[in-house]
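1. Task: produce atomic coordinates for the following.
(one chain, ligands or ions: 2)
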Amino acid sequence: MKPEGKAIDIVAVGLGQAGGNLAAELSRRGYRALALNTATTDLSSLSTSGLSLPEEYRMYIGIDGYDGAGGDINYGRECITVNAGKIRERVSEHVAGADVVLITAGLGGGTGSAVAELVKTLSDLSLPMMVLATLPNEHESGIAKVNAVRAVNELVKESLLGWIFVDNSRLAKNYGDVSLSKYYAEINKIILEPIDALNQLNSREDISPIRSLDGEDFRTLLLSGGIITLATASLPRLTVDAVMQAVREGALHSSINPEGFQLENVSYMGVVIEAPEAMLIDTPYTFFEHINEQLKEETGGAAIHMGVYRLNDKHAPATIRLFCSSQQLPDGISEMVAQAKREGGQLRAKLQRGLTGLDLGEIEEYELFRSSPGTIRRPRMTEGSPSEIPPRLPGKGPARPTAPRNAPVISSRPQTSIPPPSAATMPDRDAYDQMVKEFKESADDDVKKRVSERLEKDQKSDNSLVRYYAVRAMSKLDPELFAAALQAATLDEDATVRAVAMKALNRS
Ligand SMILES: Nc1nc2c(ncn2[C@@H]2O[C@H](COP(=O)(O)OP(=O)(O)OP(=O)(O)O)[C@@H](O)[C@H]2O)c(=O)[nH]1
Ligand SMILES: [Mg+2]
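-> Numbers count the residues shown, from 1 in each chain. Ligands and ions are numbered 1, 2, ... in the order given. So this is what the prediction gives:
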C-alpha cells in the first residue's frame, strides 16, 4: 500500500489539533493519515481548505460531554487511557503494513502533550513508531511551556525509532507575515516538505541521479533511532567550502527544528546535492570525496549517506538537503526548558541533556492542574448533597474530613464548596469543578450568585492559573451569563486563558 512515488510508506497518526493538522498535510501529500482528538470542534476544523481530512479518518477520543482538554495534560492522558482499546483497534487497522508510523502532535495543549501516553497505549502493537512534535511559540503561556517540556521529557524516555521536534517560534519568526487564516496550513507544508522531498527523491521528474540516495539509504537514516533535524539551503556556487558551510549552518540553525545541533553529536547524516549541469560540469570528482571526508571528520565518524542529482532547470541555484540524526537533544530544547522554568516561577534545577531524559527539577512535580487520571471531570462523590462535599485542600493533603451526615448545619447560609481565595497556595482545580457542579445542581439562587461572584472575581486574579480555572468553569456553566467576564478574558495576557474564553464565546 506504499503511496505512489514514495520510497517509504509513512502513515500519520495525529493527536490534538496541531497533530491533526500535520496529519492532514501528510494526507494532502498522498500518505495515509488518521486524526485523534478529545474535541469534536477541533476535528470538525479538519474540513477547512488546506487542512482537510475526510471524516472517516477523524476519531473522537474524548470523554462524553467534554470538548477538548483545554490545556489539561492529565485530562488528555485520561482520554487516551479510557479509550485505549478503541484507539489500538483503529490505529492497527489504519497503519497495517506501514514502514513508519509517524505520530504527530503539538506540545503545549492538553491533548497533544499527552502524546507519550498514546505511544505507551500503542506499544503492544510493536509498530515502527516515530514522533514529530511541535514546541510552543515563545509568546505562548507558561502553562503551555511547562506542558511541553514535561511532554518532551516523557517522550525521550519512550523507545521510539526517532524524534523530530519542530520549533514553532523559529517558524513564526521566518513566516510571521503569512495570513492568520492560512498560517498553520502553510507552516505545516514547510515542516513536512523536507521529509517528503527525501522520500520521493528518486521519482521526481525534474532531477536525474548521478549518485543516488536510494530508498534504503533513506530508511536507514529515518530509522536511525535519534533526534532528527532537517534543513534545506540554496547555493549559488558548488564548492567544498560552500557545501560544508551550508551543512554546519543547517545543523546549527535549521529553520524548522530547534537550534543548536552540534555536528560532533551527529551519528547519521544524509546530504543531497541538486545542481544544474552547468555547475556540475565545473566540479571535479574529488569534490564528492572531499565533502565525505570532511563530514566524517567533523562529525567524528558519523555514517554519511550522500546523493548528487542533476537539476533539469538550467538556471536554478544548487540545493542542499540535509538530514541529521543525533543522540543528544539540541540546545534549542534546553532554552525552552529554561523559559518554562523562568515562567513557571518555581522551577530551579539545572538542565541535563541527553536521551535519558531532562532534569526538569520541580517541573516534574509541578501539578498545574491538581488532578490525577481517573479522578477528573467526574463528580467525585455520588452520595450526599453537594453541600456535604468538601473541597480538596490546596496542596498535597487529602480531602477535608467530611462532616458526619447528620451533623447540624452551622451556617444559616446555603453551604457551598467555594474554596478560600488561594493567593498564597496552589489553586485547586477540583474545587472549581466542585463549584461548577454545585451551581448546576443547586436550586438555590443564593448559591448560584455566590459561585458567579467568586468566578468573576477570580477571572481578575493576579495568578494566571486561578484565572484559567475561573474562565474554564464559566465556559462549562453558561458562557452567555458570563459574557462580560469572558469577553475581558479574551484580552488576558495568558494565551491559554484567552483561548478558553474565545472558545466559550464562540460556542455561545
Ligand atoms: N506547527 C503547528 N503548530 C500548531 C498547529 N496547531 C496548533 N499548533 C501549536 O500546537 C500547540 C498545541 O495546540 P493544540 O494542538 O491546539 O492543542 P491540543 O493538543 O488540541 O490540546 P487541547 O486544545 O488543550 O485539547 C500550540 O503550541 C499551538 O501553537 C499547526 O497546525 N501546526
Ligand atoms: Mg485542541
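2. Please make it C-alpha for all contacts and neighbour counts, starting now.
-> Noted.
3. check whether the least confident helix or strand in the chain by mean pLDDT contacts ligand 1.
-> Lowest by mean pLDDT, DSSP states H and E among the helices and strands of the chain is helix 331-344, with a mean of 74. No: using Cα under 6 Å from any ligand atom, helix 331-344 stays clear of ligand 1, coming no nearer than 12.3 Å.
4. List the buried residues for stretch 72-92?
-> By neighbour count on 16 or more other Cα atoms under 10 Å, the buried set for stretch 72-92 is 72-81, 83-84, 87-88, 91.
5. What does residue 97 show for phi and psi?
-> In terms of degrees, to the nearest 10, the main-chain angles of residue 97 are phi 80, psi 0.
6. re earlier: most widely separated two among the buried residues of stretch 72-92?
-> The distance between the two most remote of the buried residues of stretch 72-92 (Cα to Cα) is 23.8 Å, for 72 and 91.
7. any idea which of the buried residues of stretch 72-92 is closest to ligand 1?
-> Closest approach to ligand 1 among the buried residues of stretch 72-92 (Cα to the nearest ligand atom): residue 72, at 5.9 Å.
8. so what's residue 169 up against?
-> Contacts for residue 169 were tallied using Cα atoms under 8 Å, 6 or more residues apart in numbering; they are 135, 136, 137, 138.
9. I'd guess it is in a helix, am I close?
-> Yes: counting by DSSP: H, G, I helix; E, B strand; the rest coil, residue 169 is found in a helix.
10. After the least confident helix or strand of the chain, which helix or strand is next? Please name it.
-> Going down the chain from helix 331-344, the next helix or strand is helix 429-441, by DSSP states H and E.
11. for that following helix, packing partners?
-> The helices and strands touching helix 429-441, judged by 3 or more Cα pairs under 8 Å, 6 or more residues apart in numbering; DSSP states H and E, are helix 445-458, helix 464-477.
12. of all the ones you listed, which lies closest to residue 38?
-> Using Cα to Cα, the helices and strands packed on helix 429-441 put helix 464-477 closest to residue 38, at 15.6 Å.
13. Which positions within the helix or strand following that closest one qualify as buried?
-> Following helix 464-477 in sequence order, the next helix or strand is helix 483-489 (DSSP H and E). Neighbour counts over helix 483-489 (16+ other Cα under 10 Å) mark 483, 485, 486, 487, 489 as buried.
14. show me what contacts the fourth one?
-> Spelled out, it's residue 487. Residue 487 sits next to 501, 502, 505 when contact means Cα under 8 Å, 6+ apart.
15. Looking at these, which are in strands?
-> For these, not one is inside strands, with DSSP state E as the criterion.
16. is the residue positioned nearest the centre of the chain in a bridge, and if so with what?
-> In the chain, the centroid-proximal residue (Cα atoms, centre = their mean) is residue 106; its distance is 1.9 Å. Beta-bridge partners of residue 106, counted by DSSP bridges, are residue 134.
17. Would you check that it makes contact with residue 135?
-> Yes: here residue 106 reaches residue 135: they are 6.7 Å apart, a contact under Cα atoms under 8 Å.
18. For residue 23, give me its contacts.
-> By Cα under 8 Å, 6+ apart, the residues touching residue 23 are 12, 13, 14, 33, 34, 35, 104.
19. burial count for the first one?
-> Residue 12: 32 surrounding residues under other Cα atoms under 10 Å.
20. Am I right that it sits in a strand?
-> Yes: assigned with three-state DSSP, residue 12 falls within a strand.
21. separation between it and ligand 1?
-> Distance, residue 12 to ligand 1, by Cα to the nearest ligand atom, to the nearest Å: 14 Å.
22. Wait, that residue touches residue 30, no?
-> No: if you go by Cα under 8 Å, residue 12 and residue 30 don't touch, sitting 10.8 Å apart.
23. hang on, the earlier thing: could you redo the buried residues of helix 483-489 as CSV and give each row distance to ligand 1 and pLDDT?
-> Below are the buried residues of helix 483-489 laid out as CSV (distance: Cα to the nearest ligand atom, whole Å; pLDDT from 0 to 100):
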residue, distance to ligand 1, pLDDT
483, 21, 93
485, 21, 95
486, 18, 94
487, 19, 93
489, 17, 92
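24. Which of those sits closest to residue 160?
-> residue 489 (39.9 Å).
25. which residues sit in contact with the closest one?
-> Residue 489 touches 459, 471, 497, 498, 501, counting by Cα under 8 Å, 6+ apart.
26. helices and strands around the longest strand along the chain, which ones?
-> Criterion DSSP E: the longest strand present in the chain is strand 266-276. If you count contacts as 3+ Cα pairs under 8 Å, 6+ apart, strand 266-276 packs onto helix 215-222, strand 303-311, strand 318-326.
27. make it 7 Å
-> strand 303-311, strand 318-326 (3 or more Cα pairs under 7 Å, 6 or more residues apart in numbering; DSSP states H and E).
28. of all these, which lies closest to ligand 1?
-> For ligand 1, the closest of the helices and strands packed on strand 266-276 is strand 318-326, at 19.4 Å, according to Cα to the nearest ligand atom.
29. ok, residue 470 - how many residues close by?
-> Number of residues near residue 470 (other Cα under 10 Å) recorded here: 30.
30. That one is in contact with residue 460, isn't it?
-> No: Residue 470 is not in contact with residue 460 according to Cα atoms under 7 Å; the separation is 9.2 Å.
31. in the stretch 251-400 of the chain, which segments are predicted with low confidence?
-> Within the stretch 251-400 of the chain, the stretches with pLDDT under 70 are 342-400.
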